[in-house]
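>>> model this:
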Amino acid sequence: MRHLIPFIPKPAHVPVIRLQGSIGAGARSLSDHGLAALIEKAFRGKPAAVALAINSPGGSATQSSLIAARIRRLADEKKLPVHAFVEDVAASGGYWLATAADDIWVDGTSIVGSIGVIFAGFGFPELMARQGIERRVQTAGRSKSFADPFRPQGEADVARIRALLEPLHAVFIDQVKSRRGSRLDQAADLFNADIWVGEAAVDIGLADGVAHLKPKLMQLYGPKVRLVPYGQRRGLMQRLGLSMVDSALGAVEDRALWARFGL
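Reported below is the predicted structural model:
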């Protein structure tokens, strides 16, 4: 009957968006397209705030930027505070997502940072030569065979990769500076892709404190605060196991990202 009595205040409710996994355009990954409807729904109605539960080793810079921008756009439109809670890791693109929040809370064992950009691949020119295999490539446009794994990497390739990575790194740095502002330790070398654990991340301003999601939200919004979970659902093909090759390749990529942080 309480809901029929208008002058009894209802407990605050806070949608909790789970951002779990690597970030990219694939079906297994966190992507702006895959999360759009979920994020939009979380900001509807009259929540007291929105919380992000983050556990991500990173991935695509573009998808990280798009997801974070969507969260910020809605937060500004609705004038709602956003709180990020890091679980195992918020590194690289995972930390980019965390910067969409107004404050970032970590566990004492959370891994945070890796503010950098990576271009990784393999090279097989010597293997090809030993096997007597000749690589034949014709291109229209001198950069079309850029980063070809079957030919030796030259200085021009390295220069082109650097020219791609540095602007991406600059955008990432701008994102962190604009969102964390004066909380950052100005004397610390924050942008060389190092990682920090728990309190160390707080000390240099990448996080605001050590706190867990439910107790912190109860402290902020009252002991009766209602937490409403929102998580990305897998598509029908994934649930039925019909995209086995894509799933296997995606699992290998995910495993490599998590392994960088010992997870």
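
>>> please make it C-alpha for all contacts and neighbour counts, starting now.
Noted.

>>> how about the strands in the stretch 101-250 of the chain?
With DSSP state E, counting those that start in this stretch, the ranges of strands along the stretch 101-250 of the chain come out as 103-106, 111-113, 195-197, 209-210, 226-231.

>>> so which of these is the most packed in?
strand 111-113 (a mean of 27; mean count of other CA atoms under 10 Å).

>>> partners of that strand in the sheet?
Applying DSSP bridges, strand 111-113 is found paired with strand 82-91 (parallel), strand 195-197 (antiparallel).

>>> so for it, mean pLDDT?
For strand 111-113, mean pLDDT rounds to 92.

>>> from here on, count from 630
Sounds good: first residue 630 from here, last item strand 740-742.

>>> reformat the strands paired with strand 740-742 as CSV; add mean pLDDT and distance to residue 732.
Output for these, formatted as CSV (pLDDT from 0 to 100; distance: least, CA to CA, whole Å):
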stretch, mean pLDDT, distance to residue 732
strand 711-720, 96, 5
strand 824-826, 93, 17
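
>>> what's the most buried one of the ones you listed?
strand 711-720 (a mean of 26).

>>> got the contact list for the helix or strand just after it?
Per DSSP states H and E, the first helix or strand lying C-terminal to strand 711-720 is helix 722-727. The contact list for helix 722-727 (CA atoms under 8 Å, 6 or more residues apart in numbering) reads 651-652, 681, 683-690, 693-694, 696-697, 713-715, 719, 733, 741-744, 801, 804-805.

>>> could you list which of those belong to helices?
Taking DSSP state H, the ones among the contacts of helix 722-727 that sit in helices are 690, 693, 694, 696, 697, 801, 804, 805.

>>> still on that earlier bit, which one, of the strands paired with strand 740-742, ends up nearest to residue 857?
Closest approach to residue 857 among those (CA to CA): strand 711-720, 14.0 Å.

>>> can you tell me which two in the ones in helices among the contacts of helix 722-727 are farthest apart?
Farthest pair in the ones in helices among the contacts of helix 722-727 (CA to CA) is 696 and 805. Separation: 14.7 Å.

>>> same list (the ones in helices among the contacts of helix 722-727) but as CSV, adding distance to residue 818.
Formatted as CSV, the ones in helices among the contacts of helix 722-727 follow (distance: CA to CA, whole Å):
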residue, distance to residue 818
690, 21
693, 22
694, 22
696, 26
697, 24
801, 15
804, 16
805, 13
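
>>> can you tell me which of those lies closest to residue 859?
Looking across these and measuring by CA to CA, the closest to residue 859 is residue 696, at 14.8 Å.

>>> isn't the closest one right up against residue 666?
No - with contact defined as CA atoms under 8 Å, residue 696 does not count as touching residue 666 (11.4 Å).

>>> identify the contacts common to those two.
With CA under 8 Å, 6+ apart as the test, residue 696 and residue 666 reach no residue in common.

>>> out of the two, which sits in the busier spot?
More crowded of residue 696 and residue 666, by other CA atoms under 10 Å: residue 696, with 23 against 11.

>>> what does the pLDDT read for that one?
Listed pLDDT for residue 696 reads 96.

>>> distance check, it against residue 677.
Using CA to CA, to the nearest Å, residue 696 is found at 21 Å from residue 677.

>>> please apply the same query to residue 740.
28 Å.

>>> quick one on the thing from earlier: nearest to residue 812, out of the strands of the stretch 730-879 of the chain?
Per CA to CA, nearest to residue 812 of the strands of the stretch 730-879 of the chain: strand 732-735, 10.4 Å.

>>> rewinding a little: Serialize the strands of the stretch 730-879 of the chain to CSV and add fields for distance to residue 795.
Converted to CSV, the strands of the stretch 730-879 of the chain look like this (distance: least, CA to CA, whole Å):
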stretch, distance to residue 795
strand 732-735, 26
strand 740-742, 17
strand 824-826, 19
strand 838-839, 31
strand 855-860, 33
